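Participant: below is the sequence, then the predicted model.
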Amino acid sequence: MILVRGSGGGTDLTGTVFERGEEPPAYKGAPNEDAPYVWVCDAFYEVESGGSPLVVDGEEIRVAFEEPMPRGFDTRDQAVEAAREHVRTQFARIGVDPDDVEVEVSAAGPA
């Protein structure tokens, strides 16, 4: 399991790359279960009302979450690069400059 964590605007977002032999959560539209690497992470966007509160750069905004969309990849590098892009995109959707997002990739140990 590979964790990809983005930090920016005073908040964080972490997603998971599941490797061959690990079982990713099942969602509607999940990729082929035979994919060696599967990326799963929340997706969200800012809304005017409703949603959940989130503090970004010291200001409270409201965000709505989309259903996670797992994506399958043939290589670790492809999966990690897509994960980095996804994390930066989520921050951009709430007004944080993607270039200001720090992304950390780490292997998760057994629970």
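Facilitator: Nice, I can see it. Residues are numbered from 1 along each chain as shown.
Participant: report pLDDT for the residue with the largest distance to the centre of the chain.
Facilitator: Distance to the chain centre peaks in the chain at residue 49, reaching 23.0 Å (criterion: C-alpha atoms, centre = their mean). Looking at residue 49, its pLDDT reads 93.
Participant: and the closest residue to it other than its chain neighbours, what does it touch?
Facilitator: Leaving aside its chain neighbours, residue 49 sits nearest to residue 62 (6.5 Å; criterion: C-beta to C-beta, 6 or more residues apart in numbering). For the C-beta atoms, the positions are set from N, CA and C on the backbone; glycine is no exception. Going by C-beta atoms under 8 Å, 6 or more residues apart in numbering, residue 62 touches 46, 47, 48, 49, 50, 51, 52, 53, 54.
Participant: what residues are up against the third one?
Facilitator: Put plainly, it is residue 48. Neighbouring residues of residue 48 by C-beta under 8 Å, 6+ apart: residue 62.
Participant: now the first one
Facilitator: Neighbouring residues of residue 46 by C-beta under 8 Å, 6+ apart: 61, 62, 63, 93, 94, 95.
Participant: name the SS class of the residue farthest from the centre of the chain, please.
Facilitator: coil (DSSP: H, G, I helix; E, B strand; the rest coil).
Participant: and it, how far is that from residue 1?
Facilitator: Distance from residue 49 to residue 1, counting by C-beta to C-beta, to the nearest Å: 36 Å.
Participant: and residue 90, how many neighbours does it have?
Facilitator: When neighbours are counted by other C-beta atoms under 10 Å, residue 90 registers 23.
Participant: spatially central residue for this protein, please.
Facilitator: Geometric centre of the chain, nearest residue: residue 41, 3.5 Å, by C-alpha atoms, centre = their mean.
Participant: please enumerate the strands of this structure.
Facilitator: Secondary structure of the chain (DSSP state E): strands located at 2-8, 11-19, 37-40, 43-47, 52-56, 59-66, 71-73, 102-107.
Participant: and residue 96, how far is that from residue 75?
Facilitator: Distance of residue 96 to residue 75, computed by C-beta to C-beta: 28 Å.
Participant: for residue 67, same thing?
Facilitator: Counting by C-beta to C-beta, the gap from residue 67 to residue 75 is 26 Å.
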